[in-house]
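Undergrad: Next one to model:
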Amino acid sequence: MLGCPTLHPMQTRQVNVTNSLGLHARLSAQIVQLASRFRCSVSLAFNGRTANARNILAVMLLAANVGSTILIEANGPDEAEALEALSSLFGDRS
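TA: Here you go, the predicted structure:
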């Protein structure tokens, strides 16, 4: 079909929560602020739940403890850059 964008799967990356406080308020705020800089959609998945990375309440309600693995999902024009930037907030990537 002409004029239809080519569909491609979203990019994902797993990161480990290394902060002893887990996914706390300050880190959640940093995630939301950073995710809001990108045009792509960004979400975090943990323990069967998915949160919009631009919504601080949704991110905090994931309640990921230290040692947890979170899946970052990004879909859109700058998804690779978003994944790289958000992964750097967590430090440890798996």
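
Undergrad: Show me the helices in this protein, by range?
TA: Using DSSP state H, the helices of the chain run over 25-35, 56-60, 79-90.

Undergrad: Now render those helices as TSV, adding mean neighbour count and mean pLDDT.
TA: Bear in mind the C-beta positions are built from the backbone N, C-alpha and C, glycine included. Compiled in TSV, the helices of the chain are given as follows (neighbours: other CB atoms under 10 Å; pLDDT from 0 to 100):
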stretch	mean neighbour count	mean pLDDT
helix 25-35	17	96
helix 56-60	17	97
helix 79-90	18	94
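
Undergrad: Which of those sits closest to Leu44?
TA: Among these, the nearest to Leu44 by CB to CB is helix 56-60 (6.3 Å).

Undergrad: Go ahead and flag the most central residue of this protein.
TA: Ile72 (3.7 Å; CA atoms, centre = their mean).

Undergrad: What distance do you get for that residue to Arg26?
TA: 18 Å (CB to CB, to the nearest Å).

Undergrad: Next: Leu83.
TA: For Leu83 relative to Arg26 (CB to CB), the value is 21 Å.

Undergrad: Please apply the same query to Gly91.
TA: From Gly91 to Arg26 the distance is 14 Å (CB to CB).

Undergrad: Go ahead and confirm Glu73 touches Ala51.
TA: No - between Glu73 and Ala51 there is no contact under CB atoms under 8 Å: 10.3 Å.

Undergrad: what residues are shared contacts of the two?
TA: 43-45 (CB atoms under 8 Å, 6 or more residues apart in numbering).

Undergrad: tell me which of these is nearest to Ser87?
TA: Of all these, Ser87 sits closest to Leu44, with 11.5 Å by CB to CB.

Undergrad: just for this structure, where's the confidence low?
TA: Within the chain, the ranges that satisfy pLDDT under 70 run 1-8, 92-94.

Undergrad: how about the strands in it?
TA: Using DSSP state E, the strands found in the chain span residues 11-16, 41-46, 49-52, 69-75.
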